[in-house]
Structure formats: structure tokens, C-alpha cells
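1. All I have is the shape, not the residue letters:
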């Protein structure tokens, strides 16, 4: 009931401070930015692509193997296709830097979902770090929820 009252007051306040045209314009701008970010590569990047480097960067960032499909789609309209072999070599080397116990810990601590993308040789250390970070994350979340229940 309390949430409904707060929502009603906020809704009324928003009408007075931010008229509908503001929200329509804001919505249009946000959608435009979201759609601009859909392509993984621009025309210039496709035409001058170093597929090893692109794969390496994707590996360091922990992207899944299907990411090359996104690049392929982005570059297809410019008549460019990825060099799968170079991309895979670069991604493999990038994953060596991504799949560390420290990186696993950081992702677990942030509560990020576990993605099974690491090579077998690197997987145990990454998973161990992830689990340790995840335990801390879950502990912090339980404390946060306890505090919220005390306040309410």
C-alpha cells in the first residue's frame, strides 16, 4: 500500500515538473542511441579490419564465440567478411588474459553471470576466482537485504 501511495505522488509530481513532450523527446533520443549501438563495427572498421586484433579484443572482453557472427552481419552490407581463422587465433590469445583467477573474482564480486568461455587449461583458476568473488557478492547482497528489511 505504501508503494502505491509513493508511486501516485511521484506520478503526480512528474506531470507538474516534466510535461509529456519532454518524455516523448527523451524516449526518442534514448531509442536512437540504443539503435546506433546495435552494429558492432562501422564501415571504416570493416574495410580496414585486422581480424586477429578484433578477435583479441573480443577475447579480452570475454565475449562469447558467437560475437564473430555479429561482426559478420555488421560488415556484410559493405561487402566485407571476417577472416575466421585470424579472428579465432586473436580471440584465443585474448581469452588467456581474460580467463585469470583475478578476472573471475572481479566478475563474481560484481554478481555477473558465469559464462563458460575459458579454455580447459585456464578454466579451474577462473572458476575458483569467480566462486570466491560470488560468495562475497552474495554475502553483501544478504546484508543489503537485511538492512532494507529493518528500514521497512
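-> Perfect, thanks for sending it. All of these numbers come straight from a predicted model, not from anything done at the bench.
2. buried ones in stretch 65-77?
-> Residues of stretch 65-77 classed as buried: 67, 68, 70, 71, 72, 74, 75 (neighbour count, 16 or more other CB atoms under 10 Å). All C-beta atoms are positioned from the backbone trio N, CA, C, and that covers glycine.
3. Just put those in TSV and tack on pLDDT, distance to residue 59 and secondary structure.
-> TSV is the format used below for the buried residues of stretch 65-77 (pLDDT from 0 to 100; distance: CB to CB, whole Å; DSSP: H, G, I helix; E, B strand; the rest coil):
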residue	pLDDT	distance to residue 59	secondary structure
67	95	9	helix
68	95	11	helix
70	94	15	helix
71	95	13	helix
72	95	17	helix
74	92	18	helix
75	93	19	helix
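4. Now distance to residue 107 too, for the residues you listed, in a markdown table please.
-> Below are the buried residues of stretch 65-77 laid out as a markdown table (distance: CB to CB, whole Å):
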| residue | distance to residue 107 |
| --- | --- |
| 67 | 17 |
| 68 | 22 |
| 70 | 21 |
| 71 | 23 |
| 72 | 27 |
| 74 | 26 |
| 75 | 29 |
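5. Between these, which sits nearest residue 41?
-> Relative to residue 41, the closest of the buried residues of stretch 65-77 is residue 74; by CB to CB it sits at 4.4 Å.
6. Quick check: the gap between the closest one and residue 92.
-> Using CB to CB, to the nearest Å, residue 74 is found at 22 Å from residue 92.
7. Quick check: closest non-adjacent residue to residue 141.
-> Nearest residue to residue 141, sequence neighbours excluded (CB to CB, 6 or more residues apart in numbering): residue 111, at 7.3 Å.
8. Not counting sequence-adjacent ones, nearest residue to residue 67?
-> residue 58 (5.0 Å).
9. How many neighbouring residues does that neighbour have?
-> By other CB atoms under 10 Å, 23 other residues sit near residue 58.
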